[in-house]
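> Pasted the sequence and its predicted model underneath.
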Amino acid sequence: MNKSNFIKINPTDSVVVCLKPYRKGETIEVDNKQIEVLQDTPAGHKVLIKDAPEGTDIIKYGYPIGHSRENLKAGQWVNEDNLKTNLSGTLSYTYSPVNEELSISNQNKTFKGYQRSNGDVGVRNELWIVPTVGCVNGIAERLAESMRTETHCDGIDSIFAWHHNYGCSQLSGDHENTRKILRDIVLHPNAGAVLVVGLGCENNQPDEFEKLLGDYDHDRIKFMVVQKVEGDEIEYGMNILRQQYNIIKEDKRVDLPLSKLRIGLKCGGSDGFSGITANPLVGEFSDFLVAQGGTTILTEVPEMFGAETILMNRCKNSELFDKTVKMVNDFKEYFLSHGEPVGENPSPGNKAGGISTLEDKALGCTQKCGRASVSGVLDYAEPLNTNGLNLLSAPGNDLVASTALAASGCHIVLFTTGRGTPFGTFIPTMKISTNSDLYKRKANWIDFNAGVLTEGVAMTDLLPQFVDKIISVASGEKARNEINGYREIAIFKNGVTL
């Protein structure tokens, strides 16, 4: 991508991003001008390339990322101390459609997945235990561990229990969100079979929860309510799991078109390279998959603030535009209702990595969804219903957002990171590093290195390698989080706990 020691992302930008640490007194030649760096500036951080009097918008990615808190001189290090967000409350928006035609051919690539009897497709064939309430987490975990010990997962991909803290003592929206997320997990095609374990006295009553599942396969989805089991509930549950295991171990992978693949787009532990390397690479993949007839989902609504108009204007029609406006403003109202400013972001790690405001973060974050038009807008815990690029209502929190992506039907989450993180949700969670240093230091966490894009490797050369890696994982190669056994779920909570 770039063999210089800095990058100017957009011709209109008033800052450049350092690709190496700069010392005070060094010079940068940009736009045929020599600019002296006025402070030591870390890699991934921004240097101003034109004077900016107090209140001047600072431009990066071609858009404002905030305004100067004081009079700034060309050559200054721009960071959270001298840059202030422009964000405040909710806004009114005007639909100005931008629909870019993507000239990407259908390559007729396939992956090896599991064809389910209801027409759905999975990329894993696992046996899951899903508690209706946190009170039976221990039973669910013990069942999973006993089955792993007994079977060694021979003939299937894995056995897991998805523990959580909810299912009781919740009201209205929180209660329904829990029920819907658990429903989505039970019905997820990466599970060959599921044992739902209930207690019996919880708010999330198993009989009522079962109604949420609709018409399901009664051989592959079973219920056990432990208060109603006479004697040892562990042995009772093990007998059910053995029956399910014997069914799903006969399932085989078959060749399937990429149009069946659904991929979640997420970032966390971002740095100043995120919007230059890993996020654009994921964006190129998103466009590629959409062109094959496949599906991607972008979430982290609070990390759209400051870049939301880009997404709104890419909506295919005014109805989707209106839904996107509501999604964004509803999340802003959620912040404001708790007395929190809408720009309360980025995190300390983001700032240390070179991200100074929420707009800075958002403009980098939204690179992950490429340039395709928005085909769908989903509420939290709403299953996918249309192919193409979708937007999903969920917070930026890594665990909550990744769980929401998986619950909506994604087979894999692509997770870009500049600081590094080991976690995974209940589907394969591939980590893409924004810089080569992280890839080398945390090879046990990272699945793919996008940092080479700052080292002379072209996007056109790296993308095919990335596509092949994702196809390999979809076809059964374990992601690093699966190898490490780092897998969990988190459910969004807003209201009262009784």
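On my side now, so go ahead.

> what's the residue lying closest to residue 12 once chain neighbours are set aside in contact with, if anything?
Leaving aside its chain neighbours, residue 12 sits nearest to residue 62 (5.2 Å; criterion: C-beta to C-beta, 6 or more residues apart in numbering). Every C-beta, even on glycine, is put in place using the N, C-alpha and C of the backbone. The neighbourhood of residue 62, defined by C-beta atoms under 8 Å, 6 or more residues apart in numbering, consists of 9, 10, 11, 12, 13.

> With respect to residue 20, which of those is nearest?
Of all the contacts of residue 62, residue 20 sits closest to residue 9, with 16.5 Å by C-beta to C-beta.

> Contact partners for the closest one?
By C-beta under 8 Å, 6+ apart, the residues touching residue 9 are 17, 60, 61, 62, 275, 276.

> And it, how close does it get to residue 178?
As judged by C-beta to C-beta, to the nearest Å, residue 9 and residue 178 stand 41 Å apart.

> Tell me the backbone dihedrals of residue 315, please.
Residue 315 has phi and psi values of phi -60, psi 140 when expressed as degrees, to the nearest 10.

> I'd say it and residue 374 touch.
Yes. Contact status for residue 315 versus residue 374: in contact at 4.5 Å, counting by C-beta atoms under 8 Å.

> For the helix or strand of the chain with the lowest mean pLDDT, what is the distance to the chain centroid?
Lowest on mean pLDDT, DSSP states H and E among the helices and strands of the chain sits helix 348-353, with a mean of 91. Distance, stretch centre to chain centre, for helix 348-353: 19 Å (C-alpha atoms, centre = their mean, to the nearest Å).

> Toward the C-terminus from that helix, list the very next helix or strand.
Next in sequence after helix 348-353, counting helices and strands by DSSP states H and E, comes helix 358-365.

> packing partners for that following helix?
Secondary-structure packing of helix 358-365 (3 or more C-beta pairs under 8 Å, 6 or more residues apart in numbering; DSSP states H and E): strand 63-68.

> Can I get the strand it packs on in CSV, CA atoms only?
C-alpha atoms of strand 63-68 as CSV (Å, rounded to 0.1, in the frame of the first residue of the first chain):
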residue,chain,number,x,y,z
TYR,A,63,-14.3,14.0,6.9
PRO,A,64,-14.0,16.0,10.1
ILE,A,65,-12.9,14.0,13.1
GLY,A,66,-13.4,16.9,15.5
HIS,A,67,-12.1,20.4,16.0
SER,A,68,-9.0,21.9,17.5
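
> Each with direction, which strands does that strand pair with?
Applying DSSP bridges to the sheet, strand 63-68 is found paired with strand 57-60 (antiparallel), strand 83-84 (antiparallel).

> pLDDT on it, on average?
If you average the pLDDT over strand 63-68, you get 96.

> For the remainder of this discussion, apply numbering that starts at 37.
Got it, first residue is 37 now, which makes that one strand 99-104.

> Tell me which helix or strand comes right after it.
Using DSSP H and E, the next helix or strand after strand 99-104 towards the C-terminus is strand 113-114.

> Now do the SS call for the residue nearest to the spatial centre of the chain.
Among the residues of the chain, the one closest to the centroid is residue 302, at 2.4 Å (C-alpha atoms, centre = their mean). Secondary structure for residue 302, judged by DSSP: H, G, I helix; E, B strand; the rest coil, is strand.

> so what's the residue nearest to it when sequence neighbours are not counted scoring on pLDDT?
Spatial nearest neighbour of residue 302, excluding adjacent residues (C-beta to C-beta, 6+ apart): residue 451 at 4.8 Å. On the pLDDT scale, residue 451 is placed at 98.

> what's the answer for residue 38, then?
Looking at residue 38, its pLDDT stands at 47.

> got the domain boundaries for the chain?
As assigned by automatic domain parsing, the chain contains the domains 42-120, 162-288, 293-520.

> Do me a favour and get the end-to-end distance for the shortest one?
Start-to-end span of domain 42-120 (C-alpha to C-alpha, to the nearest Å) is 23 Å.

> same deal with the last one?
From its first residue to its last, domain 293-520 covers 29 Å (C-alpha to C-alpha).

> picking up where we left off before, neighbour-wise, give me the winner out of the contacts of residue 98.
residue 49 (21 neighbours; other C-beta atoms under 10 Å).

> That residue and residue 133, how far apart?
Distance from residue 49 to residue 133, by C-beta to C-beta: 26 Å.

> go on, residue 267?
According to C-beta to C-beta, residue 267 and residue 133 sit 64 Å apart.

> the more surrounded of those two?
Legend: neighbour count by other C-beta under 10 Å for residue 267 and residue 133, higher for residue 133 (13 against 7).

> that older thread, so which of the strands paired with strand 99-104 is nearest residue 298?
With C-beta to C-beta as the measure, strand 93-96 is the member of the strands paired with strand 99-104 nearest residue 298 (31.5 Å).

> Residues contacting the closest one, please?
Counting by C-beta under 8 Å, 6+ apart, 45-46, 48-51, 53, 82, 84, 88, 100-104, 114, 119, 122, 396, 399 sit against strand 93-96.

> buried set for it?
Within strand 93-96, the residues that qualify as buried are 94, 95, 96, counting by 16 or more other C-beta atoms under 10 Å.

> tell me the contacts of residue 47?
residue 98.

> State the phi and psi torsions of it.
phi -60, psi -30.

> re earlier: can you pull the residues that touch both of residue 351 and residue 410?
residue 360.

> Only alpha carbons, please: show the lengthiest helix in the chain as CSV.
When the chain is parsed with DSSP state H, its longest helix is helix 354-373. Presented in CSV, the C-alpha positions along helix 354-373 are these (Å, rounded to 0.1, in the frame of the first residue of the first chain):
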residue,chain,number,x,y,z
SER,A,354,-35.8,5.5,1.7
GLU,A,355,-37.3,2.9,4.0
LEU,A,356,-33.9,1.5,4.9
PHE,A,357,-32.6,5.1,5.3
ASP,A,358,-35.4,5.8,7.8
LYS,A,359,-34.6,2.6,9.7
THR,A,360,-30.9,3.5,9.8
VAL,A,361,-31.7,7.0,11.1
LYS,A,362,-33.9,5.5,13.8
MET,A,363,-31.2,3.0,14.8
VAL,A,364,-28.6,5.7,15.2
ASN,A,365,-30.8,8.2,17.0
ASP,A,366,-32.3,5.5,19.3
PHE,A,367,-28.8,4.6,20.4
LYS,A,368,-28.0,8.3,21.0
GLU,A,369,-31.1,8.6,23.1
TYR,A,370,-30.0,5.6,25.0
PHE,A,371,-26.8,7.3,25.9
LEU,A,372,-28.5,10.6,26.8
SER,A,373,-31.2,8.8,28.9
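
> Please report how far the residue nearest to residue 48 lies from residue 195.
Between residue 98 and residue 195 the distance, using C-beta to C-beta, works out to 49 Å.

> likewise residue 316?
Separation of residue 316 from residue 195 (C-beta to C-beta) stands at 37 Å.

> got it, and residue 65?
Shown here: residue 65 relative to residue 195, a distance of 58 Å by C-beta to C-beta.

> Please apply the same query to residue 440.
From residue 440 over to residue 195 the distance is 24 Å, taken as C-beta to C-beta.

> How about residue 299?
Applying C-beta to C-beta, the value for residue 299 to residue 195 is 24 Å.

> ditto for residue 410
37 Å.

> quick one: the helices in the stretch 137-286 of the chain?
Here the stretch 137-286 of the chain has its helices, by DSSP state H, counting those that start in this stretch, at 173-187, 208-222, 242-248, 269-284.

> how about residue 404, secondary structure?
Secondary structure state of residue 404, per three-state DSSP, is helix.

> quick one: low-confidence ranges for this structure?
By pLDDT under 70, the weakly predicted segments of the chain are 37-39.
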